[in-house]
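Q: pasted the sequence and its predicted model underneath.
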Amino acid sequence: MVSAPLPDVSAGPVSALGSVGGSDKGASASASADFGEVHLDGSAFFGVTQNPVLAEGWAFASFTDELIVAKTANATFTESADGVFVNGRGGLELRVLDLTTDQLVVDTYYDILGDSFPDHTITEDVFLRAGDTYVVFAAFEALAGTAANFSDTAYESKADMSDTGQLFIDAPPGTFTTLSGHDYSTDAGMSSAPEPSTWAMLLIGFAGLAFAGYRKSRRNAPIAV
C-alpha cells in the first residue's frame with residue numbers, strides 16, 4: 001500500500017498511471033475520489049511476445065476530512081472495499097488523527113486484496129472527545145501489473161474497484177460536524193417515509209387484518225332464535 005502524509009482537507013489526491021512499452025502489450029488506469037467513496041480501475045496485458053515484458057496499470061485515490069466534535073461519544077469508523085481481480089491486487093488504509101492532542105488514534109492498512117481475497121472491511125471504534133478536532137484519512141489502491149523477461153503465453157492482469165471503496169462514520173446524533181459537510185453515517189440519505197410500493201403493501205396488509213377481524217366477529221356473534 002502506498003502511504004502518503006496527511007494532506008489538507010480535500011477530495012484527493014488522485015493518481016492513475018498506465019505504463020506500457022514495446023509491442024503487443026498495454027495498460028490503463030482510472031481513479032476518482034469524493035468524500036465517502038472512491039472509484040478505481042487498473043488493467044494490463046501482453047500477448048505472445050519474445051520481447052521483455054512490463055506493463056502496469058496503477059490507480060490510487062484518497063480523501064481527507066475533519067471532524068469537529070461537539071459532544072463526547074464513541075464512534076464506529078467502517079472502511080470497506082471489494083473488487084474484481086485477475087492477477088491484480090488492491091489495498092485500503094484508514095488513519096484518524098486527534099489534531100488537538102496530536103495523537104494518531106487509528107493507523108490501519110490492509111493491502112492483500114486480490115483473486116483469493118477480493119474484499120475487506122476495516123472497523124475501528126474511536127472515543128471522540130468534545131472540543132477536539134479529528135483528521136480522517138482514507139486511502140485506496142488498485143494495481144494491475146505484468147512483469148517477465150520472456151513469455152510464450154498471453155497474460156492479463158486486472159484490478160477493478162470501480163465504485164466499492166467507501167467510508168462510514170456512525171455516532172450518536174449531534175456528536176460531530178464535518179469540515180466538508182459530508183454525512184458519513186451509514187443511513188445517510190435514507191428516507192424515513194415508506195416508498196409508495198411500501199404504502200400499498202401496508203394498506204393491503206391492514207385490509208387483510210380488518211377482514212379477518214370482521215369474519216371472526218361474525219363467527220362469535222350469537223345466533224338469533
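A: The structure has been received and is ready for your questions.
Q: Val14 against Trp58, yeah?
A: No: contact criterion CB atoms under 8 Å: Val14 and Trp58 do not qualify, at 11.9 Å. Every residue, glycine included, has its C-beta placed from N, CA and C.
Q: how many neighbours does Arg89 have?
A: Arg89 has 21 neighbouring residues, counting by other CB atoms under 10 Å.
Q: swap in Ala130?
A: 11.
Q: so for Val14 and Trp58, which sits in the more crowded spot?
A: Trp58 (22 against 18).
Q: give me the element the more buried one is part of.
A: For Trp58, the enclosing helix or strand under DSSP states H and E is strand 53-69.
Q: what comes up buried for that strand?
A: By neighbour count, with 16 or more other CB atoms under 10 Å as the criterion, the buried positions of strand 53-69 are 53-67, 69.
Q: return the closest of the residues you listed with respect to Glu141.
A: Using CB to CB, Phe60 comes nearest to Glu141 of the buried residues of strand 53-69, at 5.0 Å.
Q: what residues are up against the residue nearest to that closest one when sequence neighbours are not counted?
A: Closest residue to Phe60 apart from its sequence neighbours, by CB to CB, 6 or more residues apart in numbering: Ser15 at 4.5 Å. Going by CB atoms under 8 Å, 6 or more residues apart in numbering, Ser15 touches 31, 58-61.
Q: was I right to think Pro172 contacts Ala73?
A: Yes: using CB under 8 Å, Pro172 is in contact with Ala73, at 5.0 Å.
Q: for the chain, which segments count as helices?
A: Taking DSSP state H as the test, the helices found in the chain are 196-220.
Q: that one: strands as residue ranges?
A: 14-19, 25-34, 37-46, 53-69, 73-82, 84-86, 88-98, 103-114, 119-128, 133-148, 155-170, 176-178 (DSSP state E).
Q: adjacent strands (with direction) for the first one?
A: Strands flanking strand 14-19 in the sheet, each with its direction: strand 53-69 (antiparallel) (DSSP bridges).
Q: the strand it pairs with versus strand 25-34: what angle between them?
A: Note on geometry: by axes from the mean of the first three to the mean of the last three CA atoms, to 10 degrees, strand 53-69 and strand 25-34 are set 10 degrees apart in direction.
Q: what pLDDT, on average, does strand 53-69 get?
A: For strand 53-69, mean pLDDT is 88.
Q: residues near Thr72, how many?
A: 12.
Q: skipping its backbone neighbours, what lies nearest it in space?
A: Nearest to Thr72 is Ala130, by CB to CB, 6+ apart, at 4.5 Å.
Q: could you check the pLDDT of the one you found?
A: pLDDT, Ala130: 98.
Q: and the one 3 residues further on, by the same measure?
A: Each residue has a pLDDT score; the one for Thr133 is 96.
Q: that one and Gly114, how far apart?
A: From Thr133 across to Gly114, the span is 36 Å (CB to CB, to the nearest Å).
Q: then Ser43?
A: When distance is defined by CB to CB, Ser43 is 14 Å away from Gly114.
Q: cool, and Gln103?
A: Relative to Gly114, Gln103 is positioned 33 Å away (CB to CB).
Q: please apply the same query to Asp102.
A: Asp102 is 36 Å from Gly114, by CB to CB.
Q: no more questions from me, cheers.
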